[in-house]
Structure formats: structure tokens, C-alpha cells
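Visitor: Here you go, sequence then predicted model.
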Amino acid sequence: MCGIVGVVSQAPVNQLIYDALLLLQHRGQDAAGIVTQQGRKFYMHKAKGMVRDVFRTRNMRALPGNAGLGQVRYPTAGNAFSEEEAQPFYVNAPYGIVLVHNGNLTNAKALKQELFQTDHRHINTESDSEVLLNVLAHELEKVTRGGTLKPADVFAAVRGVHQRVKGSYAVIALIAGHGLLAFRDPFGIRPLCIGRSPAGVMVASESVTLEGTGFDVERAVQPGEAVFVDLEGQVQFAPCADNVRHHPCIFEYVYLARPDSVLDGISVYQARLNLGKTLAKRVISTVPPKDIDVVIPIPESSRPSAMELAQLLGLPYREGFVKNRYVGRTFIMPGQGVRKKSVRQKLNVIASEFKGRNVLLVDDSIVRGTTSKEIVQMARDAGAAKVYMASAAPPVRYPNVYGIDMPTPQELVAHGRTVEEIRELIGCDALIYQDVDAMKQAIGSLNPDLAGFDASCFDGVYVTGDITAEDIARLNQGRDQSGEDTEDTSRLALPNAEVA
């Protein structure tokens with residue numbers, strides 16, 4: 001879950017990309033980077049930290065040019081603490097290419113060996129994005145053999161990338177002196193959209209980035225599709241993959257994306273309202289509405305679901321938690337201990353909304369359970385008589401391998417536990433989860449043209465069809481951040497994992 005943006009404009013793009021990254025900050029807080037192109041030369045600055053901390057006036061002045069890329073990084077693969085793995089990445093041949101990537105390659109290790117042994121390319125970091133860049137560079141070199149580069153050659157190279165690369169990837173690249181390339185994996189797991197303004201063309205992870213910087217959203221980049229924008233702003237599209245099936249990540253709608261974005265034709269805000277409707281039915285079957293005094297959301301992604309649920313049940317909706325916006329999301333903070341410590345720094349209760357009441361807390365999802373347990377205790381400390389917890393998403397029972405940091409089963413509170421066992425662990429009086437099929441229907445009804453969703457963290461079905469329990473065990477090696485021994489996942493049951 002990173003945020004990426006690319007621009008070709010008639011005017012300097014450094015400030016434009018900076019503004020775009022601010023609108024994507026929710027997608028990654030570990031590092032940020034911008035590269036611009038003037039003539040055939042790239043100018044780059046990247047570092048660890050938030051956008052506002054990484055870029056100073058002197059850095060912005062050193063980023064000239066009318067085309068560029070940017071990324072906010074959320075670590076899912078590689079060394080989360082290594083500044084050298086901040087993006088964009090650069091390779092000098094052929095032509096000179098810089099690249100930003102959102103997603104996760106499931107065959108990065110095999111590709112890295114292949115690049116070294118067969119393609120004679122060196123990978124200097126543990127980042128799968130550098131692997132992807134070198135695969136693209138090699139495919140471009142094969143197609144052009146150092147000759148003049150044409151858009152048809154670029155599309156042929158992307159076809160070669162699709163044949164070699166597995167996993168999720170939304171990619172934007174700049175080819176020195178030629179233009180901007182963007183493409184998406186054949187399943188469209190990670191989002192990407194394109195927009196225009198009188199001054200140029202922008203490609204970004206979310207529509208809010210385009211709208212917030214003065215661009216009109218044109219459409220989503222389709223799964224397996226590539227877009228090439230030359231330096232004059234002329235745009236060409238081409239399908240570049242076989243066996244395309246549109247299965248965007250459903251967790252984007254549940255939690256990751258901004259509510260004011262539209263992803264693949266679906267309003268994120270409306271998706272969350274729909275989840276509230278279906279969750280209301282689940283609440284009624286578990287806790288009679290007359291036993292609930294007030295509905296309180298856990299900021300911020302759960303608000304639309306909580307409001308819709310409260311309205312349907314005829315219950316008061318109140319804000320009971322105040323969020324400190326200067327503390328990062330606990331979900332994407334490395335280390336279980338850091339997450340737990342930051343919950344009370346991040347949220348404070350309005351005690352009058354809890355005292356003597358039976359409260360229904362609504363969250364967008366429950367992943368590790370650390371935050372939920374602390375919040376339930378905070379509600380009790382504030383004087384709540386009973387604390388019920390409802391999740392707008394189903395139990396997260398399986399690791400995610402497509403770019404969300406929930407890889408190791410032992411970090412998932414729902415893995416191997418019943419709902420009653422989770423309730424006891426969290427400490428609430430009742431626990432209500434969304435139903436998997438109801439979630440898919442609630443969101444899928446907003447765009448019937450979709451083939452389905454990647455909901456692997458909920459149902460264990462990995463849409464790329466190449467993930468086994470052994471793959472997950474390999475991907476999880478060294479990933480445990482809790483200080484405990486990594487659990488053996490070689491016997492992890494994956495229902496229908498080999499068939500999407």
C-alpha cells in the first residue's frame with residue numbers, strides 16, 4: 001500500500017507532485033520521494049519520513065522539469081528501516097528509467113536470481129520495486145536493442161513484464177527523453193487512474209489526487225493495460241496482458257483509500273455506507289437494538305459505516321473519540337509494541353458519551369486486535385456500562401501477499417480463533433463481524449462490471465492463483481515484528497487458494 005503519482009505538464013511539476021503526495025500521504029508514511037526530468041537528465045530527492053519533512057525549499061528548487069514521478073512509501077517488502085529503499089528507483093540502461101511501484105511481487109526472489117544469472121543485472125537492495133524496474137529495463141532492451149524507442153516498443157516491453165512478473169503492481173515510470181509509462185497488473189489489484197488538465201496529464205493511485213490538483217478524472221487504468229504519455233502530453237493506451245480479470249483489492253474500500261476517492265468506478269464513501277447497511281443486519285441478530293444506547297465510530301474510516309448503521313437501527317450516533325492527527329496510523333507502524341503504545345496517544349475519549357451507557361463501537365476492520373483491545377478498555381475506563389464491538393469487515397484470517405502489511409498469521413487476531421475467542425481476547429461484551437459474501441455484494445453492487453475482488457485476507461483465495469502455504473511461509477521469513485518466534489505457516493489451510 002504505497003501512493004504513486006506521475007505527471008507530464010507544460011509547466012514545472014515539482015510543486016504539483018509535492019501537492020499530490022500530500023493527498024496520498026495516508027497511503028504511506030515511511031518515506032517519500034520525487035524525481036523530475038529536464039531534457040534527458042533526472043533530478044531526484046528521497047528520504048525517510050512524511051512528505052512535509054522530506055522536502056524543504058532547497059530540495060524543491062533542485063527538482064526542475066516538466067515531467068516527474070512521486071511516491072509515498074509504506075514498507076511491505078524489503079528492509080522497512082533502510083532509506084536506500086525509498087522510491088523512485090533509477091537504472092541507467094537502456095535510455096535511463098526511473099520507476100515508482102505500488103504493490104508486492106510474489107515471485108521477486110526467483111526474478112532476482114533470474115536477473116543476475118540470465119539477464120546479467122545487479123539488484124542492490126531487497127526491494128521488489130528494484131527487481132520490477134530491472135525486469136522492465138531488460139524487456140525494453142530486448143525489444144529495441146538500443147535503437148529508437150517507439151510507443152509500440154514500450155507496450156511490447158510491458159507485455160514481456162506481465163509474462164515474467166507475478167503479484168500485484170501498479171507502476172509509473174519515466175523513460176529519459178521519451179515520456180511517461182504507467183501500467184497495472186492483469187488483475188488490477190492495486191488502484192491506478194488517469195486524468196487531464198489544460199496543462200497536462202496525471203496518473204495516480206487515487207482519484208482524489210487528480211481532483212485535488214486541478215485535473216479532471218478520465219478513468220481508471222484497466223487491468224493489464226499500459227498508458228504511454230509522450231513529453232508533449234499525447235496519450236496512447238494499449239492492452240498488454242492475456243487472461244485479464246478485474247479483481248481489485250477489497251481492503252482498499254474497507255480501509256486503505258480516502259473516502260472521497262472513486263476506485264474502479266466505485267465510490268469509496270458509498271462502499272462504506274453499504275457496509276454499514278449489511279452490518280446493521282448482523283448487529284440485530286446478535287444484540288437487540290434496545291440494548292444499545294449509542295453508536296460510536298472508531299476514527300476515521302469507520303464513520304460512514306457507523307452513521308448508516310445507527311440510522312437504520314434508529315440509534316443515536318455520537319463521536320466518542322478524538323483523534324490526534326499528528327500520530328501515525330497504528331496499523332502501518334512497524335512493531336507490535338509501538339502500535340500498542342501509540343493507541344492512547346492517538347485517541348482520547350469524550351467521557352460524557354460513555355458514562356453509564358451501553359455503547360456499540362464500530363471499526364472498519366480488526367486486524368491485529370491490539371487497537372481494539374485498548375479502545376474497549378478506554379471505553380470501560382470512561383464509565384461505559386457495556387461495550388459492544390462491530391467490525392464493518394469480516395475477520396482477517398489469512399496473510400496478505402499483495403502489498404498490505406498483514407503477512408504473518410500469528411499477528412492476525414482472527415487466525416485460528418473463533419469469534420467468541422476473539423471477543424474474550426479483546427474484552428468486549430459482544431463482537432459482531434461483517435459477513436464475507438455480504439461485504440462482496442455490498443461493494444460489488446456498485447460496479448457490476450467487476451469480475452470480483454481480491455479478498456484473500458478474509459477468504460484465503462489468492463486471485464493470482466500462484467500462492468501456496470509454502471509460498472506464504474517463505475514470504476514471511478524474517479517478517480515477525482512482535483519479537484516472538486515466527487510461526488510455522490507451512491501447514492496453513494488456504495481454501496481454494498489455487499483457484500481464483
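Guide: Yep, it's here.
Visitor: mind listing what's buried in stretch 409-426?
Guide: Neighbour counts over stretch 409-426 (16 or more other CB atoms under 10 Å) mark Pro409, Gln410, Glu411, Leu412, Val413, Ala414, His415, Arg417, Ile422, Arg423, Ile426 as buried. Heads up, the C-betas are built off the backbone N, CA and C, glycines and all.
Visitor: Which single one of these is nearest to Val7?
Guide: Glu411 (36.9 Å; CB to CB).
Visitor: Report the spatially nearest residue to that closest one, omitting neighbours in sequence.
Guide: Once flanking residues are discounted, Glu411 sits nearest to Arg368: 5.4 Å by CB to CB, 6 or more residues apart in numbering.
Visitor: any idea how far Leu425 is from the one you found?
Guide: Going from Arg368 to Leu425 by CB to CB, to the nearest Å gives 11 Å.
Visitor: shared neighbours of the two, anything?
Guide: Val413 (CB atoms under 8 Å, 6 or more residues apart in numbering).
Visitor: picking that back up, now, which of the buried residues of stretch 409-426 lie within helices?
Guide: Among those, the residues falling in helices (DSSP state H) are Ile422, Arg423, Ile426.
Visitor: JSON lines for those, including pLDDT and distance to Ile298?
Guide: Shown next, in JSON lines, are these (pLDDT from 0 to 100; distance: CB to CB, whole Å):
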{"residue": "Ile422", "pLDDT": "98", "distance to Ile298": "16"}
{"residue": "Arg423", "pLDDT": "98", "distance to Ile298": "16"}
{"residue": "Ile426", "pLDDT": "97", "distance to Ile298": "12"}
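Visitor: now the residues you listed in TSV, with distance to Gly177?
Guide: What follows is those, written out as TSV (distance: CB to CB, whole Å):
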residue	distance to Gly177
Ile422	56
Arg423	60
Ile426	56
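Visitor: Of the residues you listed, which is the nearest to Asn447?
Guide: Ile422 (31.4 Å).
Visitor: The closest one against Arg397, yeah?
Guide: No. Using CB atoms under 8 Å, Ile422 makes no contact with Arg397, being 10.4 Å away.
Visitor: Please enumerate the shared neighbours of those two.
Guide: Joint contacts of Ile422 and Arg397 (CB under 8 Å, 6+ apart) are Ala414.
Visitor: Spit out the contact partners of the closest residue to Lys323 other than its chain neighbours.
Guide: Excluding the flanking residues, the one nearest Lys323 by CB to CB, 6+ apart is Pro299, at 4.3 Å. By CB under 8 Å, 6+ apart, Pro299 lies in contact with Glu319, Phe321, Val322, Lys323, Leu347.
Visitor: pLDDT value on Pro299, please?
Guide: The model reports Pro299 with a pLDDT of 92.
Visitor: Partner strands of the helix or strand containing Val201 and their direction?
Guide: Assigned by DSSP states H and E, Val201 belongs to strand 200-204. Counting by DSSP bridges, the strands paired with strand 200-204 are strand 3-9 (antiparallel), strand 193-197 (antiparallel).
Visitor: In a markdown table: the ones you listed, plus mean pLDDT.
Guide: Converted to a markdown table, those look like this (pLDDT from 0 to 100):
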| stretch | mean pLDDT |
| --- | --- |
| strand 3-9 | 98 |
| strand 193-197 | 98 |
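Visitor: Of all the ones you listed, which one comes closest to Ala351?
Guide: Here strand 3-9 is closest among the strands paired with strand 200-204 (CB to CB), at 36.2 Å.
Visitor: which of the strands paired with strand 200-204 is buried the deepest?
Guide: strand 3-9 (a mean of 28; mean count of other CB atoms under 10 Å).
Visitor: other SSEs contacting whatever helix or strand comes next after it?
Guide: Using DSSP H and E, the helix or strand that follows strand 3-9 in sequence is helix 14-23. If you count contacts as 3 or more CB pairs under 8 Å, 6 or more residues apart in numbering; DSSP states H and E, helix 14-23 packs onto strand 3-9, strand 31-38, helix 51-54, helix 57-61, strand 67-73, strand 200-204, helix 207-211.
Visitor: Helix 14-23 to strand 200-204, inter-axis angle?
Guide: 30 degrees (axes from the mean of the first three to the mean of the last three CA atoms, to 10 degrees).
Visitor: Now do the host helix or strand of Glu139: distance to the chain's middle.
Guide: Assigned by DSSP H and E, Glu139 belongs to helix 128-144. Offset of helix 128-144 from its chain centre (CA atoms, centre = their mean, to the nearest Å): 23 Å.
Visitor: Could I get the buried residue list for that helix?
Guide: 128-141, 143-144.
Visitor: And for stretch 275-287?
Guide: Leu275, Gly276, Thr278, Leu279, Ala280, Arg282, Val283, Val287.
Visitor: Return the distance of it from the chain's centre.
Guide: Using CA atoms, centre = their mean, the offset of stretch 275-287 from its chain centre is 27 Å.
Visitor: same thing with stretch 386-406?
Guide: In terms of CA atoms, centre = their mean, the centre of stretch 386-406 is found 14 Å from the chain centre.
Visitor: tell me the mean pLDDT over that stretch?
Guide: Rounded mean pLDDT across stretch 386-406 is 93.
Visitor: burial count for Arg474?
Guide: Using other CB atoms under 10 Å, Arg474 has 13 other residues around it.
Visitor: Burial check on the residue lying closest to it once chain neighbours are set aside, number of neighbours?
Guide: In this structure, Arg474 finds its nearest non-sequential neighbour in Lys109, 7.5 Å apart by CB to CB, 6+ apart. Lys109: 14 surrounding residues under other CB under 10 Å.
Visitor: likewise Arg145?
Guide: 9.
Visitor: go on, Ser168?
Guide: Neighbour number of Ser168 under other CB under 10 Å is 29.
Visitor: relative to strand 200-204, how tilted is whichever strand or helix holds it?
Guide: Applying DSSP H and E as the criterion places Ser168 in strand 167-175. With the same axes, to 10 degrees defining the directions, strand 167-175 sits at 150 degrees from strand 200-204.
Visitor: Could you list the paired strands of the helix or strand following strand 167-175 along with their orientation?
Guide: Going down the chain from strand 167-175, the next helix or strand is strand 179-184, by DSSP H and E. Using DSSP bridges, the strands paired with strand 179-184 in its sheet are strand 167-175 (antiparallel), strand 225-230 (antiparallel).
Visitor: export these to a markdown table and tack on distance to Glu85 and mean pLDDT?
Guide: Listed next are the strands paired with strand 179-184 as a markdown table, based on distance: least, CB to CB, whole Å; pLDDT from 0 to 100:
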| stretch | distance to Glu85 | mean pLDDT |
| --- | --- | --- |
| strand 167-175 | 16 | 98 |
| strand 225-230 | 25 | 98 |
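Visitor: And those strands: which comes nearest Tyr462?
Guide: When the strands paired with strand 179-184 are compared by CB to CB, strand 167-175 sits nearest Tyr462, at 9.9 Å.
Visitor: So for the helix or strand containing Val295, what gets flagged as buried?
Guide: In this structure, Val295 sits in strand 294-297 according to DSSP H and E. Residues Val294, Val295, Ile296, Pro297 are the ones in strand 294-297 that count as buried (16+ other CB under 10 Å).
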